[in-house]
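> build me a model:
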Amino acid sequence: MRIELVKRKEHSQLMALLSPLIAVGLTALAAGIIFAVTGHNPFVGLYKFFIEPLTQQWSLEATIEKATPLILIGCGLAVCYLSNNWNIGAEGQFVVGALFGSFLPVLFPSFENAATLPLMLIFGAIGGALWALIPAILKTRFNTNEILTSLMLVYVASLILDYLVRGPWRDPDGYNFPESRIFSDAATLPDVFGGLMSLATPITLIVAVVLAIVLAKTLKGFEIRVMGESPRAGGFAGFSSKRLTIFAFALAGALAGLAGTMEVSGGLNQLLPVISPGYGFTAIIVAFLGRLNPIGIIVAGFVLALSYIGGEGVQSAMGVSNKIASVIQGLLLFFVLACDTLILYRIRMVSRRAPSGEASHV
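Reported below is the predicted structural model:
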């Protein structure tokens, strides 16, 4: 007996719309079971994980802060995945963007004027794009697997960051701690809306809306969708898969690098050996939970941000492991992919001894 997946001729549009909600519900159910198995009240755990972060101002502000880089990175990854390019290295592009964006306040601390922050954001986007172009060029020129190359470059970027903050970029007045100097006011993102969020959040929302319009209403968006669904048809239309690969990786890297610069110039205000709790990897879940649609990604980003704040909440209040957030994030991705698979495919059980025509369908 073996299991096969057979593509459905038609699939339910209603189920496709409800799939993310079903995945979130199944994740909550699985999280409750985890709390119960570990000896904790599942209802209290679910409340503290999913609801309590929305009831207090400080936790709401923290949720917005966590959601911002997830949304921005997720939007870039959506372009890659829609065009059938599997960029798994957004975490490394995030880190390199932060490094490129930080060289002004770190190496030229006296450079303080109105151009400081815009230049940092531009340099951060350029850095992330350049780092993302490495797996893109390797794929288009040498046909290497972009999943492996982009993922391996994450660790290279992390080691470069660790080396710099412990060596050449370490704060000379920091009592030998592995950190850069504190950024000046000119290099710090200002808060808006009474301190509820930093300027990074409005920038991110604007980028998401513009990208949604580009994907839905422009020729470039049409090219991305066609090449992702049928490269052969795209070739007949005159589209180049190699040029699109370069474009998709560069855009995703630029947005990840921009997110990295805004993270270190906002919440952290300096470089540290670790500047990300895994935003680049979590953004993969955000992209798929948002159905690879920038507007959906905005909602998904806030849902995943809750997992960070909720994970910290159950850790401090209930003594649950600090890895619980990662487990629940992984379950969410599993259920999203499982729901999408069952919507697009049906399961067929095939007996090894029976003729092929005697298969049973589920």
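> how about the helices in this protein?
Shown for the chain, the helices assigned by DSSP state H span residues 13-37, 42-46, 57-82, 90-107, 116-142, 146-166, 200-217, 219-229, 231-236, 241-263, 279-289, 294-318, 324-344.
> quick one: list the elements packing against the third one.
Okay, so that is helix 57-82. helix 90-107, strand 197-198, helix 200-217, helix 219-229, helix 241-263, helix 279-289, helix 294-318 (3 or more C-beta pairs under 8 Å, 6 or more residues apart in numbering; DSSP states H and E). Glycine gets a C-beta too; all of them are placed from N, C-alpha and C.
> dump those to CSV, plus mean neighbour count, mean pLDDT and distance to G167.
Output for those, formatted as CSV (neighbours: other C-beta atoms under 10 Å; pLDDT from 0 to 100; distance: least, C-beta to C-beta, whole Å):
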stretch, mean neighbour count, mean pLDDT, distance to G167
helix 90-107, 28, 96, 12
strand 197-198, 22, 86, 29
helix 200-217, 17, 96, 28
helix 219-229, 17, 92, 41
helix 241-263, 26, 96, 20
helix 279-289, 26, 93, 24
helix 294-318, 22, 88, 30
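> would you mind saying which of these lies nearest E179?
helix 90-107 (10.5 Å; C-beta to C-beta).
> gap between that closest one and the chain center?
The chain centre lies 17 Å from the centre of helix 90-107; the measure is C-alpha atoms, centre = their mean, to the nearest Å.
> phi and psi next, for the nearest residue to T38 once chain neighbours are set aside.
Spatially, and ignoring its direct neighbours in sequence, T38 is nearest to V320 (6.8 Å; C-beta to C-beta, 6 or more residues apart in numbering). Here is the backbone geometry of V320 (degrees, to the nearest 10): phi -80, psi 150.
> list the contacts of the residue nearest to the spatial centre of the chain.
Nearest to the mean C-alpha position of the chain, by C-alpha atoms, centre = their mean, lies A283 at 1.5 Å. When contacts are counted by C-beta atoms under 8 Å, 6 or more residues apart in numbering, A283 is found next to 69-70, 73-74, 77, 90, 256.
> tally of neighbours for T68?
T68: 27 surrounding residues under other C-beta atoms under 10 Å.
> distance check, it against A157.
20 Å (C-beta to C-beta, to the nearest Å).
> which residues sit in contact with F183?
102, 105, 264-265, 269-270.
> report how many residues lie close to Y155.
Using other C-beta under 10 Å: Y155 sits among 12 other residues.
> what about the residue nearest to T38, how many neighbours?
V320 has 21 nearby residues by other C-beta under 10 Å.
> returning to that earlier point: farthest pair in the contacts of F183?
S102 and N269 (10.4 Å).
> from the contacts of A283, pick the one nearest P294.
Taking these together and measuring to P294 by C-beta to C-beta, the closest member is G74, at 8.3 Å.
> export the helices of the chain to CSV and append columns for distance to P178.
Below are those laid out as CSV (distance: least, C-beta to C-beta, whole Å):
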stretch, distance to P178
helix 13-37, 35
helix 42-46, 35
helix 57-82, 22
helix 90-107, 14
helix 116-142, 21
helix 146-166, 4
helix 200-217, 25
helix 219-229, 41
helix 231-236, 46
helix 241-263, 18
helix 279-289, 21
helix 294-318, 23
helix 324-344, 24
